[in-house]
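Q: pasting the structure only:
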């Protein structure tokens, strides 16, 4: 693919200590559009990890001593540069991981929103005074940056996952080392270039692409000077990293797998419920951890909802993500495509019926698919599909819907649609999830907490909760002369 003709900037070197460096090894980044090569990118390993750790530690003291206003000013410039370059960043994301370019532009704005929010939040890291029982003592609680941080981000949000982690860390006064996903390192490297243009000090924000993340991650996780680990990805890898980080007692935040239910009650506005569930299910071709994976519809409205939903899904346009009209792009890699195919094949073999789709297309594309007659025991109800497949199931009573929704070890996001205010509160409170959208299929926003419970992780990103993850509380007891 001729990337030059697309006016897409391609950066291939690691960003370490304020310098753009090659590595002894490189790996190929291919576009899921047609499998062609985009770039050969530096593949960092233990040596580069040690160099980045040294740079992060050296830069930490100066960055933490910068005033909140100085840090905020750099973040603000970074935010403005991201908005300036919205179009090329969006094209780059579409090229390297297949997200439709119109949707990618929305992600750039979402990603920039975290930088803007934390540019402001840097100036709201408040302390407290505590009443003392002694007249000669003054008791204070202050918050200080936890230290150099290491972040690992996934491919499905190449910009937003970076800023959702890095922006609060940088605002708090931490330095930050990023290992982006091997499928989508180019967006992260472009963001590093904008950080450099914004006047970000050397060593404060670094990006280390790698084909095999394990050797690099082991160095940084074992280094006691790196005080924080933040990871978004699978539950299996998250549990492994959690155990490794215990060796140096790092602060850890994990945003892991999801298995989101969407509950539609019989009093719902079905037209709007269909619209929201379509947006929730099919954005990024179903490849997000908060995409609904199971749609439960009250029995009395199932047929009507299913018909409307299938018609709406059938109108989604599948195609080249660089085309402005495309709504469903390719799946990111062959492994992802095979998983979607396996889930659909398993469901059909066990008695489900496909009222729409059910088949792959040429390349890494899979048709928007709607399944009925889905029953417990099918893989699609036990595993996260990460594809454009929507299973519909019936329930009769409110308590049955809640029980079915909670019948999973995961607890990231859940959704419900109802006009009954009492039901909205009852169900939202009963759902065992960190995020609940009530009549809202896309609730994520920079100023709100994002994170899960159970096997979906620990810690929160977004809002003031996000910066708290990078701050330690220090108690100061001052005795007056």
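A: Received the coordinates, thanks. Keep in mind that what you see is a predicted model, and the values were worked out from it rather than measured.
Q: Find the nearest non-adjacent residue to the residue minimising distance to the centre of the chain, please.
A: Nearest residue to the geometric centre of the chain (CA atoms, centre = their mean): residue 161, 4.5 Å. Excluding the flanking residues, the one nearest residue 161 by CB to CB, 6 or more residues apart in numbering is residue 153, at 4.0 Å. All C-beta atoms are positioned from the backbone trio N, CA, C, and that covers glycine.
Q: Residue 402 is in contact with residue 296, correct?
A: No: with contact defined as CB atoms under 8 Å, residue 296 does not reach residue 402; the gap is 9.6 Å.
Q: who touches both of these two?
A: Residues within reach of residue 296 and of residue 402 at once, by CB atoms under 8 Å, 6 or more residues apart in numbering, are residue 263.
Q: Could you report the distance from residue 410 to residue 297?
A: 21 Å (CB to CB, to the nearest Å).
Q: again, but for residue 143
A: 46 Å.
Q: and the two? which has more neighbours close in?
A: residue 297 (27 against 18; other CB atoms under 10 Å).
Q: Quickly list what the more buried one is bridged to.
A: residue 264, residue 394 (DSSP bridges).
Q: Spit out the contact partners of it.
A: Residue 297 neighbours (CB under 8 Å, 6+ apart): 264, 305, 306, 392, 393, 394, 395.
Q: run the last query once more with 10 Å
A: For residue 297, the contact set (CB atoms under 10 Å, 6 or more residues apart in numbering) comprises 262-266, 268, 270, 273, 277, 303-306, 309, 392-395, 401, 417.
Q: Which parts of the stretch 1-150 of the chain are helices?
A: Here the stretch 1-150 of the chain has its helices, by DSSP state H, counting those that start in this stretch, at 46-65, 68-84, 86-97, 101-121.
Q: could the ones you listed go into TSV alongside mean neighbour count?
A: Putting those into TSV (neighbours: other CB atoms under 10 Å) gives the following:
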stretch	mean neighbour count
helix 46-65	19
helix 68-84	19
helix 86-97	24
helix 101-121	22
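Q: quick one: the strands in the stretch 301-450 of the chain?
A: 353-356, 369-372, 389-395, 410-411, 413-417, 435-438 (DSSP state E, counting those that start in this stretch).
Q: right, and the helices of the stretch 1-150 of the chain - which one's nearest residue 340?
A: helix 86-97 (15.7 Å; CB to CB).
Q: so what does that closest one touch, helix or strand wise?
A: Helices and strands touching helix 86-97, by 3 or more CB pairs under 10 Å, 6 or more residues apart in numbering; DSSP states H and E, are strand 26-30, strand 37-42, helix 68-84, helix 101-121, helix 185-197.
Q: Run the chain-centre distance for that helix.
A: Averaging C-alpha positions (CA atoms, centre = their mean, to the nearest Å) puts helix 86-97 17 Å from its chain's average.
Q: mean confidence for it?
A: The average of the pLDDT scores along helix 86-97 is 97.
Q: about what we covered before: just confirm the residue nearest to residue 161 contacts residue 182, I think it does.
A: No: when contacts are counted by CB atoms under 10 Å, residue 153 is not listed as touching residue 182 (11.0 Å).
Q: between these two, who's got more neighbours?
A: residue 153 (28 against 18).
Q: and that one, backbone torsions?
A: Main-chain dihedrals, residue 153, degrees, to the nearest 10: phi -120, psi 150.
Q: Can you give me the distance of it to residue 347?
A: 31 Å.
Q: for residue 56, same thing?
A: 47 Å.
Q: so how far is the helix or strand where the residue nearest to the centre of the chain lies off the chain centroid?
A: Residue 161 belongs to helix 160-172 when assigned by DSSP states H and E. Relative to its chain's centre, helix 160-172 lies at 12 Å (CA atoms, centre = their mean).
Q: Mind checking what helix or strand follows it in sequence?
A: strand 176-179.
Q: Could you list the paired strands of that following strand along with their orientation?
A: Short version: by DSSP bridges, strand 176-179 pairs with strand 149-152 (parallel), strand 205-207 (parallel).
Q: one step back: I'd like the helices of the stretch 1-150 of the chain as JSON lines, with distance to residue 148 appended.
A: Shown next, in JSON lines, are the helices of the stretch 1-150 of the chain (distance: least, CB to CB, whole Å):
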{"stretch": "helix 46-65", "distance to residue 148": "4"}
{"stretch": "helix 68-84", "distance to residue 148": "15"}
{"stretch": "helix 86-97", "distance to residue 148": "26"}
{"stretch": "helix 101-121", "distance to residue 148": "17"}
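Q: Go through those helices and name the closest to residue 214.
A: Closest among the helices of the stretch 1-150 of the chain, using CB to CB: helix 46-65, at 10.2 Å.
Q: now the closest one, how far from the centre of its chain.
A: With CA atoms, centre = their mean, you get 25 Å for helix 46-65.
Q: likewise stretch 78-94?
A: Using CA atoms, centre = their mean, the offset of stretch 78-94 from its chain centre is 18 Å.
Q: From the opening residue of that stretch to its closing one, how far?
A: From its first residue to its last, stretch 78-94 covers 22 Å (CA to CA, to the nearest Å).
Q: returning to that earlier point: quick one: closest of the helices and strands packed on helix 86-97 to residue 331.
A: The nearest among those, by CB to CB, is strand 26-30 at 13.1 Å.
Q: Tell me how many other residues surround residue 308.
A: 18.
Q: One more: the one 5 residues further on?
A: As a burial measure, residue 313 scores 23 neighbours (other CB under 10 Å).
Q: which non-adjacent residue is nearest it?
A: residue 368 (4.5 Å).
Q: That neighbour and residue 355 touch, don't they?
A: No: counting by CB under 10 Å, residue 368 stays clear of residue 355, with 11.1 Å between them.
Q: Run through the protein and note the low-pLDDT ranges.
A: 1-6 (pLDDT under 70).
Q: Can you pull the domain assignment for it?
A: The record's domain parsing of the chain by automatic domain parsing lists 4-256+456-477, 260-445.
Q: Just give the nearest non-adjacent residue to residue 361, would you?
A: residue 367 (6.3 Å).
Q: so the one you found makes contact with residue 357?
A: Yes: between residue 367 and residue 357 there is a contact at 3.4 Å, judged by CB under 10 Å.
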